[in-house]
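Undergrad: turn this into a model:
(2 chains)
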Amino acid sequence: MTENSALTKRTYWERNRLSGGELFQKDAVKVFVSVTRFILLFGMCFMILQPILNKISVSLMAEEDLYNPLVIAIPEHVTTANYELAAGFMNYWKTLFSTFIVAITIAVVQVVVCTIVGYGFARFDFPLKKFWFACVLLVIIVPPQTISSSLWLHFYFFDVFGIIKLITGSPMNLSGSVVPYYLLSAGCMGLKCGLYIYLVRQFFRNMPKELEEAAYVDGLGTFGTFTKIMLPDAKPIIISCFLFAFVWQWTDSFYSGMFLGKLRLLSIQLSAIGERLNSYIMYTLGESTGASIGYTQCIISTGTLMVIAPILILYLFMQRGFTESIAQTGIKA
Amino acid sequence: MARKKKRQGLAKRKAISGYIFISPFIIGFLAFMVKPLLQSLYMSFCKVTVQLGGFVTDFTGITNYNDALFVDISFNRQLVDEITRMAYNSLAIIVFSFFVSLILNQDFKGRGLVRAIFFLPVILSSGVIINIETNNNLLSSIADSIEGSLGGVSITGYLETILVTTGVASKPLQTLFNVVDGIYDVALASGIQIIIFLSGLQTIPKSSYEAAAIEGCTAWESLWKITFPTISPLFLVCWVYTIVDFCMRSDNAVMTKIQQISIAQLNFGLSSAMSWIYFVIVMAIIGITSFIISKWVYYDD
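TA: Below is the predicted model:
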């Protein structure tokens, strides 16, 4: 008791002397580590955020500010004209709506199919399982560009074993319609579908076997077990796969450019925004020089901001869905 | 006897439902992967002409490969450039994301915010945005002007001039400085890898670190003796993912070229040949490196 009260009365330095200098050393190291960590993290976070902040400031600048060497981050003439212009070029609200519809439907199709397939790989034993899973890995590895040209031709002259040719006389031309891309997604060959299968499989593999067996004993079939027992527990991984599918579809320009060219999608509109600005200035305003590089980039930055704004908001609210659930799946090779 | 039969029945039923579950994949794989893959392989040996109602292929042997490698002026140079860029960038991404995930796994104030910021690139580096990011002159000119207003003080710049003028192993150093200058690209590309590493780090039980500390193991030693072996399988996963991701990025010069040749020039034969050359090289790299890494990977069971 007396010893205890004596211990509390000692000052920090006394205790330090008693420990032979170890206490101070330990604390100094602790402070040093946290200061270094703070500096490192602050620098890296700034590095990641800086382009966005930059874009925000540029998007609010009037054209004269862009060439004013004194204006770097804070615009002198604040204007929202850039936003109006970019919105006009992209036909923003209509495009936003169609992009939203496409992204959500594609994401739903992909996630539903990939969950079913991933579950099949995780919980059933069947002949050639290893071979088929190797095929999934192959799908992850093969760049879509390798097969893009023949896929395009495949859908340009679409036919199922020559049946359509028999009926209508010529193969169906599906290029330019949205059907091929939904078909691809339903066949697990859409954007990054292999990855989703892999993630879902990892998740279901960690589920206890007893759960499944109990369901079988109670008379549920395989599909019933899947929907009633396994799916409710798999919410986190399904949500994060869905979010990834949604976001990646939102920004994708490769598949969209190839299969969804006729739809107005934000990612496609964004790549055309520079040319539109140029022709707008040349023909509508009648200036023969066209848009200056700085101004073009300014409008493009504004457009980019407008494209990523919805998914940034989504990310702010669903941040946990993006990260934590994947972290919980316990991925192992 | 009867029991055995019943068990067989269950196994068989499970096998059938397994196939039913993965049937979407099998159908999709056969229709949209195997067929196009074989077709593009065949097309790479042909001259392809698109006409009304179909396309015609004339077998021309290895002409397309010859064209791609020896006739086209820029393809082989782009190929070498992209593959070297891929090699050192992937290394940098792995090291960076491992380092960041080590930091993010510690306890400190504001960890949630920092994590959110570090995973932001998963969104920002996808698809069309990265494309626009890479050729945005205005922002880089702003960055230049900020640098200029600071009087051009750049530690790496000084270090670079000193080391390069003294001539100490200038070639690898040049690559290193390229990577350091491109740290933003590295950070942008390592979102998923950080998540994967973090998930691995969280599966390591705290008790093993505590036990090691009681035995007199320093933090540095437990990093090498506990952390590395436990999450070594994830290095393989991340490595493969990084390389694949790099191949599919839309700012990849080879891919841009292939797409341009197939869609704009409608020269499907040549573009298939080019993509097969690229694909085979990348597959070979993935195969060889994963073989080397898997020798070093430690599996628990």
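Undergrad: chain A versus the residue nearest in space to the middle of chain B, what's the distance?
TA: In chain B, the centroid-proximal residue (Cα atoms, centre = their mean) is B:Thr242; its distance is 2.1 Å. In this view, B:Thr242 and chain A are 12 Å apart by Cβ to the nearest Cβ, to the nearest Å. All C-beta spots, glycine's among them, are computed from the backbone N, C-alpha and C.
Undergrad: could you list the domains of the chain?
TA: Picking chain A for this. A:2-51, A:81-328 (automatic domain parsing).
Undergrad: my question was about chain B, not that one.
TA: If you go by automatic domain parsing, chain B breaks into B:1-37, B:44-296.
Undergrad: so which of those gets nearest A:Asn206?
TA: A:Asn206 sits nearest to domain B:44-296 of all the domains of chain B, at 10.4 Å, using Cβ to Cβ.
Undergrad: what is the mean pLDDT for the closest one?
TA: Model confidence over domain B:44-296, given as mean pLDDT, is 78.
Undergrad: again with stretch A:127-137
TA: For stretch A:127-137, mean pLDDT rounds to 88.
Undergrad: what's the burial count for the spatially closest residue to A:Ser301 that is not a sequence neighbour?
TA: Of all residues not flanking A:Ser301 in the chain, A:Lys55 sits nearest, at 4.3 Å (Cβ to Cβ, 6 or more residues apart in numbering or on different chains). Close neighbours of A:Lys55, defined as other Cβ atoms under 10 Å in any protein chain shown, add up to 23.
Undergrad: now the helix or strand hosting A:Lys55: buried residues?
TA: Element membership for A:Lys55 (DSSP states H and E) is helix A:22-59. Neighbour-count burial for helix A:22-59, counted by 16 or more other Cβ atoms under 10 Å in any protein chain shown, picks out A:Leu41, A:Met44, A:Cys45, A:Ile48, A:Pro51, A:Ile52, A:Asn54, A:Lys55, A:Ser57, A:Val58, A:Ser59.
Undergrad: and for stretch B:201-220?
TA: Applying 16+ other Cβ under 10 Å to stretch B:201-220 flags B:Leu201, B:Ile204, B:Tyr209, B:Ala212, B:Cys217 as buried.
Undergrad: and for stretch B:59-67?
TA: B:Thr63, B:Asn64, B:Tyr65, B:Asp67.
Undergrad: what's the span of that stretch, first residue to last?
TA: End-to-end distance for stretch B:59-67: 15 Å, by Cα to Cα, to the nearest Å.
Undergrad: contacts for that stretch next, please.
TA: B:Ser44, B:Phe45, B:Cys46, B:Lys47, B:Gly269, B:Leu270, B:Ser272, B:Ala273, B:Ile277 (Cβ atoms under 8 Å, 6 or more residues apart in numbering or on different chains).
Undergrad: include neighbour count, distance to chain A and secondary structure when you put those into CSV, please.
TA: Converted to CSV, these look like this (neighbours: other Cβ atoms under 10 Å in any protein chain shown; distance: Cβ to the nearest Cβ, whole Å; DSSP: H, G, I helix; E, B strand; the rest coil):
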residue, neighbour count, distance to chain A, secondary structure
B:Ser44, 25, 10, coil
B:Phe45, 19, 13, coil
B:Cys46, 20, 11, strand
B:Lys47, 16, 14, strand
B:Gly269, 26, 9, helix
B:Leu270, 25, 10, helix
B:Ser272, 30, 6, helix
B:Ala273, 28, 11, helix
B:Ile277, 20, 10, helix
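Undergrad: so which of the residues you listed comes closest to B:Thr84?
TA: B:Ile277 (15.9 Å).
Undergrad: so can I have JSON lines of the domains of chain A showing distance to B:Phe98?
TA: Listed next are the domains of chain A as JSON lines, based on distance: least, Cβ to Cβ, whole Å:
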{"stretch": "domain A:2-51", "distance to B:Phe98": "14"}
{"stretch": "domain A:81-328", "distance to B:Phe98": "15"}
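Undergrad: for the closest residue to chain A within the stretch 151-300 of chain B, helix, strand, or coil?
TA: Going by Cβ to the nearest Cβ, chain A is nearest to B:Pro233 of the stretch 151-300 of chain B, at 3.4 Å. Following DSSP: H, G, I helix; E, B strand; the rest coil, we place B:Pro233 in the helix state.
Undergrad: that one touches B:Tyr299, doesn't it?
TA: Yes - counting by Cβ atoms under 8 Å, B:Tyr299 is a contact partner of B:Pro233 at 6.7 Å.
Undergrad: what comes up buried for stretch A:112-131?
TA: Going by 16+ other Cβ under 10 Å, stretch A:112-131 has these buried residues: A:113-124, A:126, A:129.
Undergrad: tell me which of those residues fall in helices.
TA: A:Val113, A:Cys114, A:Thr115, A:Ile116, A:Val117, A:Gly118, A:Tyr119, A:Gly120, A:Phe121, A:Ala122, A:Arg123, A:Lys129 (DSSP state H).
Undergrad: okay, A:Met109: pLDDT?
TA: Slight slip there: residue A:109 is Val, not Met. 92.
Undergrad: how many residues are close by the closest residue to it other than its chain neighbours?
TA: In space, and not counting its chain neighbours, A:Val109 is closest to A:Ser185: 4.6 Å by Cβ to Cβ, 6+ apart. When neighbours are defined as other Cβ under 10 Å, A:Ser185 has 27 of them.
Undergrad: okay, and A:Ser185 sits in which element?
TA: Using DSSP H and E, A:Ser185 sits in helix A:179-186.
Undergrad: buried residues, that helix. List them.
TA: Those would be A:Pro180, A:Tyr181, A:Tyr182, A:Leu183, A:Leu184, A:Ser185, A:Ala186, for helix A:179-186 by 16+ other Cβ under 10 Å.
Undergrad: report all helices and strands that the very next helix or strand once past it contacts.
TA: Next helix or strand after helix A:179-186 toward the C-terminus (DSSP H and E): helix A:193-205. Secondary-structure packing of helix A:193-205 (3 or more Cβ pairs under 8 Å, 6 or more residues apart in numbering or on different chains; DSSP states H and E): helix A:92-123, helix A:129-141, helix A:235-251.
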